[in-house]
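Here is a sequence with its predicted model. Questions after.
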Amino acid sequence: MTVALAQRFDDRLAEELRKVEQRRERPVPVWFWLSIDSREAAGELHGWASNPNGAEDGWRGLVVAPREYAAGFWTTWVGWVRQEDLRQP
């Protein structure tokens, strides 16, 4: 990961962490449904917030996970996942 990409990731994660209402002391491993890929993926739950993006659809967990967006190209995904789409391994 280049320095610029790493900085953008750190900034994005910090921005989303400010929305967290119930933060986990250490991130918790989870499986979650990643709708953009239509599959389940592994990641880390950093905390919970009620309606973090104003959708008024209940509690969502802040998840960070590796994601292959094209064959052989990986990025670190940061996003909010509905509680019913999360499970512990």
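Received it, and whenever you're ready, just let me know what you need.

which intervals of the protein have sub-threshold pLDDT?
Along the chain, segments meeting pLDDT under 70 span 1-2.

which residue ranges form the helices in it?
In the chain, the helices defined using DSSP state H lie at 3-17.

which ones are touching the residue nearest to the spatial centre of the chain?
When the chain is reduced to its mean C-alpha position, the closest residue under C-alpha atoms, centre = their mean turns out to be residue 63, at 2.3 Å. Taking C-beta atoms under 8 Å, 6 or more residues apart in numbering, we find residue 63 in contact with 30, 32, 43, 44, 45, 46, 77, 78, 79, 80, 81, 86. Heads up, the C-betas are built off the backbone N, CA and C, glycines and all.

what's the closest of those to residue 3?
residue 78 (18.2 Å; C-beta to C-beta).

Wait, that closest one touches residue 12, no?
Yes - with contact defined as C-beta atoms under 8 Å, residue 78 and residue 12 form a contacting pair (5.5 Å).

These two: which is more packed in?
Taking other C-beta atoms under 10 Å, residue 78 and residue 12 do not tie; residue 78 has more neighbours (18 against 14).

And that one, how far from residue 64?
5 Å (C-beta to C-beta, to the nearest Å).

got any residues that touch both of the two?
residue 13.

Just the buried residues out of the contacts of residue 63, in PyMOL syntax.
Of the contacts of residue 63, the buried ones can be selected in PyMOL as follows, counting by 16 or more other C-beta atoms under 10 Å:
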select buried, resi 30+32+43+45+46+77+78+79+80+81+86
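
Done for today, thanks.
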